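Q: Let's see this in three dimensions:
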Amino acid sequence: MNRKKKIDQIVRTAGLESQIGEAQTFGTMMRRMVRENKLAVISFGVIILFVLAAVFAPLLTPYTYDEMDLANRLAPPSAAHLLGTDEGGRDVFTRLLYGARVSLLIGIVPTLLSMAIGAALGILAGFAGGKTDTVIMRIADVMLAFPSILLAMVLMYMLGDGLINIFLTLSIVNWASVARVVRAETLRLKELEYVEAARVTGVSRSKILLRHILPNCIPTLIVLFTLNVPSSILTESGLSFLGLGVQPPAASWGLMVNQGRQYLYTAPWLSFAPCVAIMLTVLAFNFLGDGLRDVMDPHLQK
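A: Below you'll find the predicted structure:
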């Protein structure tokens, strides 16, 4: 009995110190990133700028995304239309702002869904092992064997158009890579001493997963989130470019590129503006993810 009480005390102390240490370390890491990685900070500012532009789009432009003016079709950039107009006389700057809503939403929501699915399956596979691990990982291998854009095209063709179907498609396409990373992290964590001590004292498997495994996977999930959002945005842009994503009269950056490609020589601003927006957003998320990885990965710390 005394031995069991002593082990319980060790587990509680280790868990408490782990939580306090993680909180302090996270704050320290964020301050170090702000101090040493200016590119990541600038990237975070760019992301916030795009989010604010999408949220306050009605206040930043006097037009609506589907307001047509056939008398000013394909008008070049001017004071009245900062980025010109498209083939329907719609203001390109306005559609760019409203397109940010759709593109960012498609980047964030499916990423959260795929990470929830992948994290749950990855933790289950790594912690349970045996046949459970084999089945989940073989399914993940099958998913990863297909090019993501090709698999997304097939799923969109089967499910049909619509924002909800895009969410489902991108969630299905991206969960496997998350599951593999989280499984590897779980295999490492479950061999740590305080997890073994918790198991010896009779702590249930569910409590071990929720109290010790999942919280320690959160830094990895944060980095994966910042790296998977641009992947979802690019996949949606490719689907919309091929006519399988967002459908008119809605606006998304990929759809704007598709609609403007036939006017590349006569009205290049139609495709140039959304291409730059996609490029800046993808680079910002990637640089932010690199910065977070540098400060959270102990192997990369100075």
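Q: what packs against the helix or strand where I42 lies?
A: Here I42 sits within helix 38-55, counting by DSSP states H and E. Contacts defined by 3 or more Cβ pairs under 8 Å, 6 or more residues apart in numbering; DSSP states H and E place helix 38-55 against helix 2-36, helix 92-128, helix 269-296. Placement of C-beta: from N, CA and C, glycine included.
Q: Can you mark which positions in the helix or strand just after the longest one are buried?
A: If you walk from helix 92-128 toward the C-terminus, the next helix or strand you reach (DSSP H and E) is helix 130-145. With burial defined by 16 or more other Cβ atoms under 10 Å, the residues of helix 130-145 counted as buried are D133, I136, M137, A140, M143.
Q: neighbours of A198, just the number please.
A: A198: 24 surrounding residues under other Cβ atoms under 10 Å.
Q: what angle separates the strand or helix carrying it from helix 92-128?
A: Here A198 sits within helix 193-200, counting by DSSP H and E. Interaxial angle, helix 193-200 versus helix 92-128 (axes from the mean of the first three to the mean of the last three Cα atoms, to 10 degrees): 60 degrees.
Q: Flag every buried residue along helix 193-200.
A: The neighbour-count criterion (16+ other Cβ under 10 Å) identifies Y194, V195, A197, A198 as the buried residues of helix 193-200.
Q: Which pLDDT does the model give the third one?
A: The score at A197 is 77. That number is its pLDDT.
Q: Which helix or which strand is home to E87?
A: Using DSSP H and E, no helix or strand contains E87.
Q: if I read this right, it contacts R261, doesn't it?
A: No: the pair E87 / R261 is not scored as a contact, 11.4 Å apart, by Cβ atoms under 8 Å.
Q: between the helix or strand hosting M256 and helix 269-296, how many degrees?
A: Using DSSP H and E, M256 sits in helix 253-260. Relative orientation of helix 253-260 and helix 269-296, computed by the same axes, to 10 degrees: 150 degrees.
Q: Alright, I will stop here.
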